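Novice: structure, please.
(one chain, ligands or ions: 1)
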Amino acid sequence: MTLQPSYSIPKLPPLGVDFQTPELLRALVAAHRHLAELKGCAASIPNQAILINTLALQEAKASSEVESYVTTQDELFQADLHIAEWVSPAAKEVSRYREALRHGFDRMREQQGILGNGTLIALFQLLKNSSETFRTGGGTVLKNEKTGATVFVPPQDSSQVQAHMQALEQFVNDDSASDLDPIIKMALIHHQFESIHPFSDGNGRIGRILCVLYLVRTGLLDTPVLYLSRYINQYKGDYYRLLQEVRDAEGDPAAIAASWQAWVVFMLNAVAQTARQAVQLVGGMRDLMVETKRRMRTDTPKLYSQDLLNNLFRHPYTRIEFVQNDLGITRQTAARYLRQLAQAGLVQEHSQGKHLYFINAPLVELLVRGERG
Ligand SMILES: Nc1ncnc2c1ncn2[C@@H]1O[C@H](COP(=O)(O)OP(=O)(O)OP(=O)(O)O)[C@@H](O)[C@H]1O
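Specialist: All right, here's what the predicted structure looks like:
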């Protein structure tokens, strides 16, 4: 039996919805203020790879938790040492999420800011380690996690999935299609993406990456550093309910307007709160880098270099090979540098089996504290 989709995917932006209510405008101003602050704060970090490596890993951790892949920070940082036997399945899933986010960011830059369906498919393939593209078979439904009851039937026919995704791609990339504010558009895009549900799995995670990349595409961020998933995780019940209310409102213009407004306000609040948290974290990292630099210059002046400092912040757990490669020095010299840093108390030396690694403990502490909010 062919399933009947339970909602007609609307054309974006939805007609007849006032996106300028006082509540919405208040939330929009706050979201912009915190995002602008985050953009400025992120720019003060000397090497953007530091932010992508560390913050994107935090985002990946939170996003994967929505899907019940729970890992500890220690497991994640250990996985980042690229020692195969230390990588748990959950940590691998989280690492793949970060790779997907990073790939999407690079690809969008290569394509002059275009965030196309080819990129979304590439993200899915990286995330799921699969060669699948958009759904072709029917049978996909969304269920209530607790009761198992079907709450939503997305488009089933592959030509429909394709057509809706093409229209969405157009809306994402054609800035003249609507003069709505980009953060409001981001909320509409995420909703539409989840309603089309174009992949067999991973739609939640790809949809959250899409949000962050869209903020970069529209210039509101330079790097994809936003902990959106943490907020969504925290308010998962509201997130599902508000997504679904828009679909259930179909046919009732007043309910359509109210449900879209409530959805957009939720996403604006998510952006504002997560940007505010990210500002604290990035600001903390910046201060810690300044302090570590000062200590390196006084306590280990012969070793100090910006590249070495960057290495310690790109890899909260680092190893001799990483320093060797980043600084272009011999293994012996890299080992000597790390040992001297450990003697000066700037990193902690650890060994497990035949492997040796070095922890930037204040940075790890900052990231763990950041996770607690
Ligand atoms: N009961 C529901 N009501 C509304 N939307 C839902 C519901 N269940 C799922 N969704 C949407 O579908 C997404 C999950 O889709 P899918 O399982 O393909 O993605 P995922 O990335 O594997 O999961 P997750 O979002 O849990 O990490 C959710 O993030 C949400 O956007």
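
Novice: any chance of the backbone angles for the closest residue to residue 244 other than its chain neighbours?
Specialist: Excluding its sequence neighbours, the residue lying closest to residue 244 (CB to CB, 6 or more residues apart in numbering) is residue 151, at 5.8 Å. For glycine as for every other residue, the C-beta is placed from the backbone atoms N, C-alpha and C. Main-chain torsions, residue 151, degrees, to the nearest 10: phi -100, psi -20.

Novice: and residue 151, what is it in contact with?
Specialist: 142, 143, 144, 240, 244 (CB atoms under 8 Å, 6 or more residues apart in numbering).

Novice: next step: those restricted to helices.
Specialist: In helices, judged by DSSP state H, the following of those are found: 240, 244.

Novice: quick one: which two of the contacts of residue 151 are the most distant?
Specialist: The largest separation in those, counting by CB to CB, is between 143 and 244 at 11.6 Å.

Novice: show me which of the two is the more surrounded one.
Specialist: Neighbour count, other CB atoms under 10 Å: between residue 143 and residue 244, residue 244 has more, with 19 against 11.

Novice: ok, that one to residue 180 distance?
Specialist: 22 Å (CB to CB, to the nearest Å).

Novice: nearest to residue 327, of the contacts of residue 151?
Specialist: Out of those, the member with the shortest distance to residue 327 (by CB to CB) is residue 240, at 47.6 Å.

Novice: gap between the closest one and residue 12?
Specialist: 21 Å.

Novice: with residue 197 instead?
Specialist: Per CB to CB, residue 197 is found 16 Å from residue 12.

Novice: kindly report the residues of this protein close to the ligand.
Specialist: 66-67, 142, 144, 151-152, 194, 201-205, 207, 240, 243-244 (CB under 6 Å from any ligand atom).

Novice: what do you get if the cut-off is 8 Å, keeping everything else the same?
Specialist: 63-64, 66-68, 142-145, 151-152, 190, 194, 197, 199-208, 232, 239-241, 243-244, 247 (CB under 8 Å from any ligand atom).

Novice: tell me who's in contact with residue 268.
Specialist: If you count contacts by CB under 8 Å, 6+ apart, residue 268 has them with 24, 27, 28, 30, 31, 183, 184, 187.

Novice: go on, residue 208?
Specialist: Per CB under 8 Å, 6+ apart, neighbours of residue 208: 63, 190, 228, 229, 232.

Novice: recalculate using a threshold of 7 Å.
Specialist: 63, 228, 229, 232 (CB atoms under 7 Å, 6 or more residues apart in numbering).

Novice: check which helix or strand covers it.
Specialist: helix 203-217 (DSSP states H and E).

Novice: now that helix, how far from the centre of its chain.
Specialist: Here helix 203-217 is found 7 Å from its chain centre; the criterion is CA atoms, centre = their mean, to the nearest Å.

Novice: can you pull the poorly scored residue ranges out of the stretch 251-373 of the chain?
Specialist: 371-373 (pLDDT under 70).

Novice: no further queries at this time; thank you.
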